[in-house]
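Undergrad: For reference, the sequence and a predicted model appear below.
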Protein chains: 2
Amino acid sequence: MARIEADLEDLTARARIRDAALRQIGEHGFERATIRGIAEAAGVSSGLVRHHFGSKQALREACDDYLLKEIRRLGDETRVDLTPADVNPVGSALTAFGPYQRYLARALAEGWAAPLFDEMVRVYEEWLEEVDKARPDPPYASRRARATVATAMSLVVPVLYQHVSRGLGVDLATREGAHLLALTLLDIHSHPVLTPETAASLREALEKIHDVTPPPRS
Amino acid sequence: MARIEADLEDLTARARIRDAALRQIGEHGFERATIRGIAEAAGVSSGLVRHHFGSKQALREACDDYLLKEIRRLGDETRVDLTPADVNPVGSALTAFGPYQRYLARALAEGWAAPLFDEMVRVYEEWLEEVDKARPDPPYASRRARATVATAMSLVVPVLYQHVSRGLGVDLATREGAHLLALTLLDIHSHPVLTPETAASLREALEKIHDVTPPPRS
DNA sequence: GGCGCTACTACACATATGTATAGTGAAGTA
DNA sequence: TACTTCACTATACATATGTGTAGTAGCGCC
């Protein structure tokens, strides 16, 4: 999958502001990122930000729209191709976000950018549809549900970026970090914590609880 | 695992402030939560917040310390016992956080509370140590690395709470939501996306790339 | 040339918010 | 009683920040 455009320094001012906003918000979060800081990073006056986008909220929405459009465009032209490092479509979509991963992480963690998440779920769902064909037993949950949770799990690396980096003892942005992460993911994804049998028995227990137990609080 | 104390309304003022802070920050995030809002929620003046905690930062740190101490205490007295809904120790630790899950999620997503994360990794690591005994093949990555990534994956549900809820079509806080999530997790954890064979071949490819490729940028 | 439009800047404004200070009353103590 | 301490309130202060306004320069067009 290709990359979302990154570092043309001779963009239109409007585009430079958007780019600066994506980076600033990604680095500091929406609240702590300031109009003035974004303007400075873009090399324009703070008034120009308002001129082009109207308000801080609107600027954020413009960023969301941009990423959503870009990710859809990339998804359409280049068909998803999996690299070894990315064992699922969301993983590979993530690499496409390039320098804007931080923004995506903030957006999701802070609760907006729902369409971006939903789009990723959609892609994952399509991918699951293929995978399910080779699956003999009926799933425990709908494809949508599985795609949602799996998508969330794939997003955990950028969202909890620094914690994971700290835990691995190496920055994930480095080659070493990415390599170690890939190995770890391979191991986890190929070694399920549950055997089909224990899963089945747990499920049975779960269903029993769910059916029998009355609502906990009166 | 027991629950962290929740709703005694006749606490000391200091404790009520801390509790209010945990909830307010959990709901709005650290930046948007205000001293005045926390004070009002606790039924005290904003000045008292400063009197007891000194600053907003210090208040946050007091919240972190409290949760860390509580989670350690619970982990010590009651030994981790897995419920069907929680297929790993972090999952069950999460339920112990009860009303403070939102705070934990904010803390992790916004980048602080590293000790809380690390403590959870530690617990997961101990658990993995047991699990590894039954494992024939050598892991691809250190126990610490696997524990870190797996912990992060377990934490993604509260962090991306509303996105997952939206995707599942039901609020995760409800019985229905929790049940559906548990089923979905069971399915995912018992159906690896990779077979050991494909994982091995992917790993081989990965190692080759890692060894051969020169650093991408000169 | 004159007109209008648009990108852009400088600056003023209102306010939310963290922080600081002064004061009050109650409880404990010598 | 006199003094100290401490939990607690009311209020003031400084400032960061989103927003609004007025003005300028360049450019195309009639």
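TA: Okay, I see it. Numbers count the residues shown, from 1 in each chain, chains lettered A, B, ... in the order given.
Undergrad: I would like the residues contacting the lengthiest helix in chain A, please.
TA: For chain A, the longest helix by residue count, based on DSSP state H, is helix A:56-77. With contact meaning C-beta atoms under 8 Å, 6 or more residues apart in numbering or on different chains, helix A:56-77 is reached by A:1-2, A:4-5, A:17-18, A:21-22, A:25, A:30, A:35, A:38, A:49, A:53, A:93, A:96-97, A:100, A:103-104, A:107, A:112-113, A:115-116, A:119, A:123. Using the backbone N, CA and C atoms, a C-beta is placed for each residue, glycine as well.
Undergrad: ok, now stretch A:46-54?
TA: By C-beta under 8 Å, 6+ apart, stretch A:46-54 touches A:13-14, A:17, A:35-36, A:38-39, A:42, A:59, A:62.
Undergrad: Now the longest helix of chain A: buried residues?
TA: For helix A:56-77, burial by neighbour count (16 or more other C-beta atoms under 10 Å in any protein chain shown) applies to A:56, A:59-60, A:62-64, A:66-67, A:70-71, A:74-75.
Undergrad: Kindly tell me how buried residue A:199 is, as a neighbour count.
TA: Residue A:199 is flanked by 21 other residues according to other C-beta atoms under 10 Å in any protein chain shown.
Undergrad: From chain B, how far out is it?
TA: 3 Å (C-beta to the nearest C-beta, to the nearest Å).
Undergrad: How about residue A:184?
TA: 4 Å.
Undergrad: Work out for me the element that residue sits within.
TA: helix A:175-190 (DSSP states H and E).
Undergrad: Mind giving me the packing neighbours of that helix?
TA: If you count contacts as 3 or more C-beta pairs under 8 Å, 6 or more residues apart in numbering or on different chains; DSSP states H and E, helix A:175-190 packs onto helix A:161-168, helix B:143-159, helix B:196-212.
Undergrad: Using JSON lines, lay out the ones you listed together with mean pLDDT.
TA: Formatted as JSON lines, these follow (pLDDT from 0 to 100):
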{"stretch": "helix A:161-168", "mean pLDDT": "96"}
{"stretch": "helix B:143-159", "mean pLDDT": "95"}
{"stretch": "helix B:196-212", "mean pLDDT": "84"}
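Undergrad: Compare those and report which one is nearest to residue A:129.
TA: Of all the helices and strands packed on helix A:175-190, helix B:196-212 sits nearest to residue A:129, with 19.1 Å by C-beta to C-beta.
Undergrad: Now do that closest one against helix A:175-190, angle only.
TA: 170 degrees (axes from the mean of the first three to the mean of the last three C-alpha atoms, to 10 degrees).
Undergrad: Helix B:196-212: how far from the chain's middle?
TA: Computed by C-alpha atoms, centre = their mean, to the nearest Å, the chain-centroid distance of helix B:196-212 equals 31 Å.
Undergrad: Give me the spatial nearest neighbour of the residue nearest to the spatial centre of chain A, chain neighbours excluded.
TA: Geometric centre of chain A, nearest residue: residue A:155, 4.2 Å, by C-alpha atoms, centre = their mean. Nearest-residue entry for residue A:155: residue A:108, 6.3 Å, with adjacent residues in sequence omitted and distances by C-beta to C-beta, 6 or more residues apart in numbering or on different chains.
Undergrad: Break chain A down into its domains, please.
TA: According to automatic domain parsing, chain A comprises the domains A:1-54, A:55-210.
Undergrad: Mind putting the ones you listed into TSV with distance to residue B:200?
TA: TSV is the format used below for these (distance: least, C-beta to C-beta, whole Å):
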stretch	distance to residue B:200
domain A:1-54	25
domain A:55-210	8
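Undergrad: Quick check: which of these is nearest to DNA strand C?
TA: DNA strand C sits nearest to domain A:1-54 of all those, at 3.0 Å, using C-beta to the nearest atom of the strand.
Undergrad: In contact with the residue nearest to residue A:155, which residues are there?
TA: With C-beta under 8 Å, 6+ apart, residue A:108 has these contacts: A:116-117, A:155, A:159, B:160, B:163.
Undergrad: Return the closest of the residues you listed with respect to residue A:172.
TA: Looking across those and measuring by C-beta to C-beta, the closest to residue A:172 is residue A:159, at 11.9 Å.
Undergrad: how close does that closest one sit to residue A:29?
TA: Separation of residue A:159 from residue A:29 (C-beta to C-beta, to the nearest Å): 12 Å.
Undergrad: what does residue A:56 give?
TA: 13 Å.
Undergrad: Tell me where chain A is predicted with low confidence.
TA: A:1-10, A:77-87, A:212-218 (pLDDT under 70).
Undergrad: That one against DNA strand C: which residues are in contact?
TA: A:12-14, A:44-48, A:51-52 (C-beta under 7 Å from any atom of the strand).
Undergrad: List the buried residues in the helix or strand following the longest helix of chain A.
TA: Remark: after helix A:56-77, the chain's next helix or strand is helix A:89-97, criterion DSSP H and E. Under the neighbour-count criterion of 16+ other C-beta under 10 Å, helix A:89-97 has A:89-94, A:96-97 buried.
Undergrad: Tell me the helices and strands packed up against helix A:89-97.
TA: Helix A:89-97 packs on helix A:56-77, helix A:101-109, helix A:114-133, helix A:143-159, going by 3+ C-beta pairs under 8 Å, 6+ apart.
Undergrad: In TSV, list those helices along with distance to DNA strand D.
TA: Shown next, in TSV, are the helices and strands packed on helix A:89-97 (distance: least, C-beta to the nearest atom of the strand, whole Å):
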stretch	distance to DNA strand D
helix A:56-77	4
helix A:101-109	14
helix A:114-133	21
helix A:143-159	23
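Undergrad: want to throw the ones you listed into CSV with distance to residue A:210?
TA: Written out in CSV, the entries for the helices and strands packed on helix A:89-97 read as follows (distance: least, C-beta to C-beta, whole Å):
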stretch, distance to residue A:210
helix A:56-77, 37
helix A:101-109, 29
helix A:114-133, 24
helix A:143-159, 15
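Undergrad: sorry, back to before: now for the residues of chain A next to DNA strand C: which two are most distant?
TA: Between any two of the residues of chain A next to DNA strand C (C-beta to C-beta), the greatest distance is 17.7 Å, for A:12 and A:46.
Undergrad: I'm done for today, thanks for sticking with me.
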